[in-house]
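Q: Kindly return the folded structure for what I paste below:
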Amino acid sequence: MKFKSINRLLIGSVLSLSCFVSSAQAGLITIGALTSNNDGSTIVITDTLNSLEWLRWDQFADLTYAETLVKSSALGWTIAGVKEANLFIDALLNRTNHECADNDTTFLSCGDSGTFSSAQYTALLGDSFTRGISSVDAAWFYDDLITDGSAGVLNLELGTKNEKYNTFGNIALTDTYATTSDESIGWLMYRTTTVPEPTTLTIFALGIIALALRRFKKQVSLQE
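A: Numbers count the residues shown, from 1 in each chain. Predicted structure coming up:
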């Protein structure tokens with residue numbers, strides 16, 4: 001009977017822990033191969049197609065280019081070039097054969113099946129228009145890995161209307177959107193996927209279970 005009681009206790013503890021972790025993930029939103037949490041608990045967009053992590057677009061949206069370089073270097077993020085911008089669109093649409101894959105045409109338009117709304121895009125990416133409510137999310141990228149000092153921009157609105165400007169203007173122009181514009185557009189940032197670590201709660205729960213088992217075994221030994 002004692003063994004049954006301890007088993008029930010352990011099973012209950014594990015189930016309670018599972019429910020807690022599941023509720024913590026209740027805000028998850030996925031579009032294509034991209035997943036994030038729209039409750040403000042993370043700054044990361046996970047990309048399962050390319051094994052990358054993208055910074056939510058609202059995190060650096062009010063920084064100048066120089067400020068972005070300093071902060072991204074300190075936190076381990078890299079500014080995306082046109083190649084990475086294409087990888088982001090690949091993941092968003094969950095396919096590589098789309099209308100925005102061309103890196104030479106100045107302006108391109110591409111969309112998914114139209115399933116997702118502007119609000120869902122903002123929930124995934126974070127609202128990059130930090131000075132006001134926006135129906136569009138945007139992010140700069142190097143148009144050709146900074147060789148000519150120019151920037152392109154992704155302009156995402158909803159599933160049927162997404163835009164990619166391979167060249168929008170020079171990098172100096174981007175600062176006006178961080179300091180004087182109502183749009184506050186930041187830079188598209190990425191890093192390689194890190195191996196997830198066990199949560200503190202999980203480690204604590206496993207420790208409690210181990211201690212309970214050890215104490216129970218001692219009690220059984222004393223009674224024999």
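
Q: tally of neighbours for Asp104?
A: Number of residues near Asp104 (other CB atoms under 10 Å) recorded here: 9. C-beta coordinates here come from the backbone N, C-alpha and C atoms, glycine included.

Q: Skip the chain neighbours and tell me the closest residue to it.
A: Excluding its sequence neighbours, the residue lying closest to Asp104 (CB to CB, 6 or more residues apart in numbering) is Asn166, at 6.7 Å.

Q: Assign the one you found to helix, strand or coil.
A: Recorded secondary structure, Asn166: strand (DSSP: H, G, I helix; E, B strand; the rest coil).

Q: count of residues packed around Asn97?
A: Neighbours of Asn97 (other CB under 10 Å): 7.

Q: thinking again about what came up before, number of residues surrounding the residue nearest to Asp104?
A: Other residues close to Asn166 by other CB under 10 Å number 22.

Q: That one: what's it in contact with?
A: The neighbours of Asn166, taking CB atoms under 8 Å, 6 or more residues apart in numbering as the test, are 82, 102-108, 143, 152.

Q: hmm, try it at 7 Å
A: Contacts for Asn166 (CB atoms under 7 Å, 6 or more residues apart in numbering) come out as 82, 103-106, 143, 152.

Q: So which residues of the protein form helices?
A: 2-24, 65-75, 82-93, 118-125, 171-174, 176-179, 200-223 (DSSP state H).

Q: Without its sequence neighbours, what residue ends up closest to Thr96?
A: Spatially, and ignoring its direct neighbours in sequence, Thr96 is nearest to Asp90 (5.0 Å; CB to CB, 6+ apart).

Q: same check, this time on Ser36
A: Ile45 (4.4 Å).

Q: wait, isn't the one you found in contact with Leu52?
A: No - counting by CB atoms under 7 Å, no contact exists between Ile45 and Leu52, whose distance comes to 9.0 Å.

Q: who does Leu154 bridge with?
A: Ala139, Lys164 (DSSP bridges).

Q: ok, it - how many residues close by?
A: 25.

Q: could you give me the average pLDDT of stretch 75-92?
A: If you average the pLDDT over stretch 75-92, you get 94.

Q: just to revisit the earlier point, pLDDT wise, what is the residue nearest to Ser36 at?
A: Looking at Ile45, the pLDDT reads 97.

Q: what about the nearest residue to Gly111 once chain neighbours are set aside, how many neighbours?
A: Nearest residue to Gly111 in three dimensions, chain neighbours excluded: Thr160, at 4.4 Å (CB to CB, 6+ apart). By other CB under 10 Å, the residues close to Thr160 number 13.

Q: how much space is there between Thr160 and Tyr142?
A: Thr160 is 27 Å from Tyr142, where distance means CB to CB, to the nearest Å.

Q: re the thing from before, for PyMOL, write a command that selects the buried ones of the contacts of Asn166.
A: In PyMOL, a selection of the buried entries from the contacts of Asn166 looks like this (16 or more other CB atoms under 10 Å):
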select buried, resi 82+103+143+152
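
Q: Out of the contacts of Asn166, list just those in strands.
A: Counting by DSSP state E, those place Gly152 in strands.

Q: of all the contacts of Asn166, which comes closest to Phe116?
A: Distance to Phe116 across these (CB to CB) is lowest for Gly152, with 22.6 Å.

Q: Which phi and psi values does the closest residue to the closest one other than its chain neighbours adopt?
A: With sequence-adjacent residues excluded and distances taken as CB to CB, 6+ apart, Gly152 is closest to Asp143, at 4.2 Å. The phi/psi pair for Asp143 (degrees, to the nearest 10) reads phi -70, psi -30.
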